[in-house]
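Visitor: attaching a predicted model along with its sequence, questions to come.
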Amino acid sequence: MSARLIMAHDHFTYLVMEHIDEIRVEKDYDSFDAIERALILTEFFRLLAKAHRRRVVNGDIDLKHLFWRKEKKQLLSLTGETPV
């Protein structure tokens, strides 16, 4: 389960809860084989490049916010961003 605090307009603050049933990259990185690690890092660098184009600070994208969807070989982010 993850949550995000979102500030909206002048008077409202709300919390968005979501369940991500995927592998947490930071916690399970050692369990991936070499090919999966290479794929994850490649997708991570694509995500960083996308963030840089949008002027997002590096600290906002962290391994603890990333999840790996093994069957689709897809990196997911709590920020809602995907690498491509």
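Guide: Structure received.
Visitor: for residue 26, identify the helix or strand it belongs to.
Guide: Secondary structure assignment for residue 26, by DSSP states H and E: helix 25-28.
Visitor: now that helix: buried residues?
Guide: Using 16 or more other Cβ atoms under 10 Å as the test for burial, helix 25-28 gives residue 25. To be clear about C-beta, it is placed using only N, CA and C from the backbone, and glycine gets the same treatment.
Visitor: can you check stretch 46-53 too?
Guide: The neighbour-count check on stretch 46-53 (16+ other Cβ under 10 Å) flags 47, 51 as buried.
Visitor: could you give the mean pLDDT of it?
Guide: Stretch 46-53 carries an average pLDDT of 84.
Visitor: model confidence for residue 32, exactly?
Guide: Model confidence at residue 32 (pLDDT) stands at 90.
Visitor: circling back to that earlier point, now do the helix holding residue 26: which elements does it pack against?
Guide: Packing partners of helix 25-28 (3 or more Cβ pairs under 8 Å, 6 or more residues apart in numbering; DSSP states H and E): strand 66-69.
Visitor: okay, the helix holding residue 26 in PDB with CA atoms only?
Guide: The C-alpha coordinates for helix 25-28 follow below in PDB (Å, rounded to 0.1, in the frame of the first residue of the first chain):
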ATOM      1  CA  VAL A  25      13.000  -2.500  -6.600                       C
ATOM      2  CA  GLU A  26      14.800  -1.200  -3.600                       C
ATOM      3  CA  LYS A  27      13.800  -4.100  -1.300                       C
ATOM      4  CA  ASP A  28      14.200  -7.000  -3.700                       C
END
